[in-house]
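Engineer: Please work out how this folds:
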Amino acid sequence: MRTRGAVAIATLFLAMAPMADAAGIEGRVTLGGRPVDGAAVTLWATAGTASPSSLAEVATDAKGGFAIETVPALADGSVLYLTTKGGADDAVALMSVLGTEPPSNVVVNELTTVASVVTHARFIDGTAISGNELGLRIAAGNVPNLVDPATGEWGKVVLDPINSTENTTLARLNTLASMVAAFATVADNAWRTEFLEAATPAGGAASKDTLAAMAGIARTPWANPKALYALFDKAWPQPKNGARRSAPFVPYLAYEPPDFALMLKFAGGGIYSAGRLGIDAEGNIWSGQNWMAGSQSGVIRNIGGGTIKLAPDGTALSPPITGFTGMGVDGVGWGTGVTLEKVWVSSFNGAIGVMDLDGRPIGKAQDFPMAGKVGNLMGVGVAGNGDVWIADGTKDQLLHFPGGRVEDGRIVKVEGLKSPFGIAIDEQNRVWVSNSQSDTVVRFPADDPGKADSFRAGIGVRGVALDSKGNLWVASNMSLDFPPPKIPAGVSIMKQFQIVLDYMMPRLTPENPTGVVNMIRPDGTQPAPMGFTGEKAVSVPWGVSIDGNDDVWVGNFWGRGVVLMAGAEPKGHPKATKTGDAIHLFRNGSIQMVTDVAIDPAGNVWVANNWNDIAAAGDADPARPSSTWGGGSGIVAIYGVAAPVKPPLMGMVRGFSE
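Structural biologist: You can find the predicted model right below:
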């Protein structure tokens, strides 16, 4: 072991411009609220895909204290983190990710371990954290939302009212932390062996210490919740008189959970009834809003919303209530698209907004050549070459902006369009368009719209997305065997929603859901022509996104959740997993009626709450106390459960090379 304060700087940092050393770090290591004596503490720095560098190694004293006298100032974006091992047992390993600007005083404990591992689930291998630089910064920035590294206590977001009382994330965090504490304190060898086995992911290496165990749970939190909760119950049994368990952290879970995923909801910045989500090159989340926050909006009476922006850690960066506005945009449906330098939104009122990445409009409504000649606008599709396509949902036409140039925009007529909704453009520059008033997807070459082909999906086709092999995944509200509603041609988008809602309400039950997800190969064939239902996990699906593993994430509108579905070539899952299998259905008290999901560079899944209360959204005379509940509130992040995706999404999904 190196002497106290010794610093070892790896080759990674030798090439960096010399910088003044930063102040040191003083800290404590605790377990179950008690100090850990004699634990080895290592300070690490990571800045990308290379192996992290060990900067210092020290040992804790009898009070669990340690000091690292000097921390070298590193290049911008480098993330510092601490690991500890030993004390009483080398199988007890802890972690705390400190971020790019570490606090001078820190606490490393069970809570910091859980928060650090869950947010970095896609980047951890043993004590090593590495991966794409943007993803590492995003992951580190989200740790304080769960646990404050300076205090080792709960973070600011998990404690706010919309999280601490709406969902079970705080209880899940505490339950996992209590199991780490049990491993080091009250558990016997049999319990510890069972815990390490239960925390081992399917097909993964056996967990050997508490850090590896938390990493296994974080990567596949749906794998063994029953076994893990039984171990919690055994370690911290419920007294027969119903008194509080002796677990070190409360509140804990009172019931077996469906998974141990940690999710947080973020509000503000004009969020209310989020439509489609987009992520820019810096990891910020953008979304056009159907309706204005605070309004008594529904499909019959409504005030249109603006465009919201969240930082990668969920902080609202757009103005409150209205969001970003301008260029005549009044209410955004499925029309949010992000390019390298701009954000495009299309509006229910036929206006198009283009803004820079600070939310500033770049022009005026009259700049568009087709101004006044379009209907209610829906999906925005961005091609790899920078072309922007927009769906006109009421005039059955498309708008095309070559290279994203507003002045070159034109109206494109394509045979087979029926209230076009979602748009995706493949690497052959073929445009795929879903028909929300039909059961088809239309495909045509971008330079020859007259050569259009149609492919059958489900009824009421909505979101589309392309995986890395060029397969199109498409979500349809209704299955092919579900009698379709009759919607008059040319009616407004809101009227369409009203008709569909009134039609489906008496026909849908939890036991008899409807809706499918289809996969259409580049050659037009389909492995499942009737679509995938995930054994009824899918219920009126809306949006669909692909992660860096080509797995499919479905916004489960009526099912109030998110479905993780195996992609075209399932990998990293149990051997029996087949294309279209529902791997897991994520639900949470903060997840409402979902339109879209989006995956960021850290593997976090962002979830758009579009609607909440059906009566408030659809009734002509809603109950006044709940009249502001029609639109969904907030956007939810599910931490570390997906393979990271490189933003922005332009054409097919792009993952990061591991």
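
Engineer: Give me the buried positions along stretch 70-81.
Structural biologist: Within stretch 70-81, the residues that count as buried by 16 or more other CB atoms under 10 Å are 71-72, 74, 78-81. Bear in mind the C-beta positions are built from the backbone N, C-alpha and C, glycine included.

Engineer: Specify which member of these is nearest to Thr175.
Structural biologist: Proximity of the buried residues of stretch 70-81 to Thr175 (CB to CB) peaks at Tyr81, which lies at 23.4 Å.

Engineer: pLDDT (mean, whole number) over stretch 516-523?
Structural biologist: Taken as a whole, stretch 516-523 has a mean pLDDT of 98.

Engineer: In the stretch 251-400 of the chain, what residue spans correspond to strands?
Structural biologist: Listed in chain order, the strands of the stretch 251-400 of the chain (DSSP state E, counting those that start in this stretch) span residues 263-266, 274-279, 285-289, 307-310, 332-338, 342-347, 352-356, 377-382, 388-392, 397-401.

Engineer: Likewise for the stretch 501-650 of the chain?
Structural biologist: When secondary structure is read from DSSP E, counting those that start in this stretch, the stretch 501-650 of the chain shows strands at 516-520, 541-546, 552-556, 561-565, 582-586, 593-599, 605-611, 635-638.

Engineer: packing partners for the first one?
Structural biologist: Packing partners of strand 516-520 (3 or more CB pairs under 8 Å, 6 or more residues apart in numbering; DSSP states H and E): strand 472-478, strand 541-546.

Engineer: how distant is stretch 160-169 from the center of its chain?
Structural biologist: Here stretch 160-169 is found 18 Å from its chain centre; the criterion is CA atoms, centre = their mean, to the nearest Å.

Engineer: where are the low-confidence patches of this structure?
Structural biologist: Within the chain, the stretches falling below the threshold (pLDDT under 70) are 1-22, 658.

Engineer: can you rerun that using 80?
Structural biologist: Scanning the chain with the threshold set as pLDDT under 80 gives 1-22, 73, 75-76, 87-88, 202-204, 657-658.

Engineer: and it, what are its domains?
Structural biologist: 11-116+129-140, 263-638 (automatic domain parsing).

Engineer: Including distance to Arg122, could those go into TSV?
Structural biologist: Conversion of these to TSV gives the following (distance: least, CB to CB, whole Å):
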stretch	distance to Arg122
domain 11-116+129-140	6
domain 263-638	4
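
Engineer: right, and those domains - which one's nearest Leu211?
Structural biologist: For Leu211, the closest of the domains of the chain is domain 11-116+129-140, at 3.7 Å, according to CB to CB.

Engineer: and of the domains of the chain, who's closest to Glu166?
Structural biologist: Ranking these by distance to Glu166, with CB to CB as the measure, places domain 263-638 first at 4.7 Å.

Engineer: Of all the strands of the stretch 251-400 of the chain, which one comes closest to Met504?
Structural biologist: Of all the strands of the stretch 251-400 of the chain, it is strand 332-338 that lies closest to Met504, at 18.2 Å by CB to CB.

Engineer: Run the angle between that closest one and strand 388-392 for me.
Structural biologist: For strand 332-338 and strand 388-392, the angle between their directions (axes from the mean of the first three to the mean of the last three CA atoms, to 10 degrees) works out to 170 degrees.

Engineer: list the helices and strands strand 332-338 packs on?
Structural biologist: With 3+ CB pairs under 8 Å, 6+ apart as the test, strand 332-338 has strand 274-279, strand 285-289, strand 342-347, strand 377-382, strand 388-392 packed against it.

Engineer: closest one to Asn518 among those strands?
Structural biologist: Nearest to Asn518 among the helices and strands packed on strand 332-338 is strand 377-382; the distance by CB to CB comes to 16.9 Å.

Engineer: Report the contact partners of Gly268.
Structural biologist: Counting by CB atoms under 8 Å, 6 or more residues apart in numbering, Gly268 touches 316, 320.

Engineer: quick one: it from Asn284, how far?
Structural biologist: As judged by CB to CB, to the nearest Å, Gly268 and Asn284 stand 14 Å apart.

Engineer: Repeat that for Thr339.
Structural biologist: With distances taken as CB to CB, Thr339 is found 13 Å from Asn284.

Engineer: now do Val540
Structural biologist: Summarising the geometry, the distance separating Val540 from Asn284, computed by CB to CB, is 29 Å.

Engineer: of these two, who's got more company?
Structural biologist: Val540 (26 against 22; other CB atoms under 10 Å).

Engineer: okay, now the closest residue to that one other than its chain neighbours: neighbour count?
Structural biologist: The spatially closest residue to Val540, leaving aside those adjacent along the chain, is Trp558, at 3.5 Å (CB to CB, 6 or more residues apart in numbering). Trp558 sits with 21 neighbouring residues when counted by other CB under 10 Å.

Engineer: Trp558 contacts Gly515, correct?
Structural biologist: Yes: in this structure, Trp558 is within contact of Gly515 by CB atoms under 8 Å, at 7.3 Å.

Engineer: which residues are in contact with both of those two?
Structural biologist: When CB under 8 Å, 6+ apart defines a contact, the residues bordering Trp558 and Gly515 alike are 539-540.

Engineer: any idea which helix is longest in the chain?
Structural biologist: Among the segments of the chain that qualify as a helix by DSSP state H, the longest is helix 169-184.

Engineer: And it, what does it pack against?
Structural biologist: strand 25-31, helix 110-119, helix 156-159, helix 161-164, helix 189-198, helix 210-219, helix 225-235.
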